[in-house]
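# With the input below, show me the fold.
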Amino acid sequence: KTMLACRLLFLLLTLTCVLGFLQTSNFGAGHTLDARFRTVKSLSSLRSSRVNAGKFSFSRVTRMSGGGEDEQPTIGFLGMGIMGVPMALNLLKAGFKVTVWNRAEDKCKDCIKAGAASCKTPAEVVSKSDITFAMLADPAAAIAVAIGFPDIAAVNGITAGKGYIDCSTVSVDCSQRIAAEIRAAGGKYLEAPVSGSKKPAEDAALVFLCAGDRV
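Numbers count the residues shown, from 1 in each chain. Coordinates of the predicted model:
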């Protein structure tokens with residue numbers, strides 16, 4: 001009983017410290033982690049659930065069909081690595097139309113086999129998608145794909161209202177630089193690094209820590 005009480009006290013103290021940090025810290029794109037900060041549900045639940053982070057929500061980011069009815073947003077995914085492939089596959093399983101890109105095209109094959117379309121450049125993916133996810137290896141790759149490649153970077157496909165969600169683990173400066181250029185092009189930016197690795201990605205059990213624009 002004493003050991004159990006000690007463990008409960010330790011967990012309570014840890015939770016208190018974490019909450020205190022979240023309430024006073026700045027994260028990524030420069031947004032304070034306040035009530036707008038949300039834990040995002042697993043990708044397998046996107047079809048029926050709203051994904052909130054500063055009121056950035058899949059249920060509200062919709063396209064209008066010819067008959068004036070809302071449709072599911074089309075999804076782009078940049079980066080078909082250890083994390084990107086299972087994340088994109090879960091979006092496909094959830095019923096979304098997904099377009100993928102990777103510098104090494106052969107890494108897109110599993111998603112293409114599962115029904116994804118593919119493009120030759122990040123800009124092309126973004127131009128065909130309402131919301132684009134990026135899951136890239138490091139800050140250098142995140143910047144190159146988002147804003148660095150001349151003429152073919154993701155920002156070249158951004159138009160008013162399109163969303164760009166960066167799930168890569170990057171520095172504050174990197175996030176702010178990408179956010180500024182996405183917004184300047186008329187897009188919405190959401191920083192959404194994940195807590196979890198390959199297995200949670202495969203199981204659609206990743207936790208997203210999000211801060212960004214309101215839509």
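
# For the chain, which segments are assigned as helices?
Taking DSSP state H as the criterion, the chain contains helices spanning 2-24, 84-93, 109-113, 122-127, 139-143, 172-184, 198-202.

# which one of the ones you listed has the lowest average pLDDT?
Of all those, helix 2-24 carries the lowest average pLDDT, namely a mean of 48.

# do you know how far Leu209 is from Pro122?
23 Å (C-beta to C-beta, to the nearest Å). Heads up, the C-betas are built off the backbone N, CA and C, glycines and all.

# So if I had to pick from those two, which one is more boxed in?
Pro122 (28 against 19; other C-beta atoms under 10 Å).

# gap between that one and Cys111?
15 Å.

# And for Glu124?
16 Å.

# between these two, who's got more neighbours?
Using other C-beta under 10 Å, the more surrounded residue of Glu124 and Cys111 is Cys111, with 25 against 18.

# ok, that one to Ala179 distance?
Cys111 is 27 Å from Ala179, by C-beta to C-beta.

# and what of Leu190?
From Leu190 over to Ala179 (counting by C-beta to C-beta), the distance is 9 Å.

# check contacts around Asp134.
Small correction: residue 134 is Ala, not Asp. Contacts for Ala134 were tallied using C-beta atoms under 8 Å, 6 or more residues apart in numbering; they are 77-79, 142, 145-146, 154, 164-168.

# Can you tell me who it pairs with across the strands?
Beta-bridge pairing of Ala134 under DSSP bridges involves Leu78, Asp166.

# Next, the contact list for the spatially closest residue to Ile178 that is not a sequence neighbour, please.
Closest residue to Ile178 apart from its sequence neighbours, by C-beta to C-beta, 6 or more residues apart in numbering: Ala146 at 4.6 Å. If you count contacts by C-beta under 8 Å, 6+ apart, Ala146 has them with 122, 134, 153-155, 164, 166, 178, 181-182.

# burial of Trp101, as a residue count?
28.

# got the contact list for the residue lying closest to it once chain neighbours are set aside?
Excluding its sequence neighbours, the residue lying closest to Trp101 (C-beta to C-beta, 6+ apart) is Val125, at 4.7 Å. Residues near Val125 by C-beta under 8 Å, 6+ apart: 76-78, 99-101, 119, 132, 154, 157.

# Likewise for Asp138?
168-170.

# In CSV, list the residues you listed along with neighbour count, pLDDT and distance to Lys199.
Converted to CSV, the contacts of Asp138 look like this (neighbours: other C-beta atoms under 10 Å; pLDDT from 0 to 100; distance: C-beta to C-beta, whole Å):
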residue, neighbour count, pLDDT, distance to Lys199
Ser168, 27, 95, 19
Thr169, 15, 92, 17
Val170, 24, 93, 23
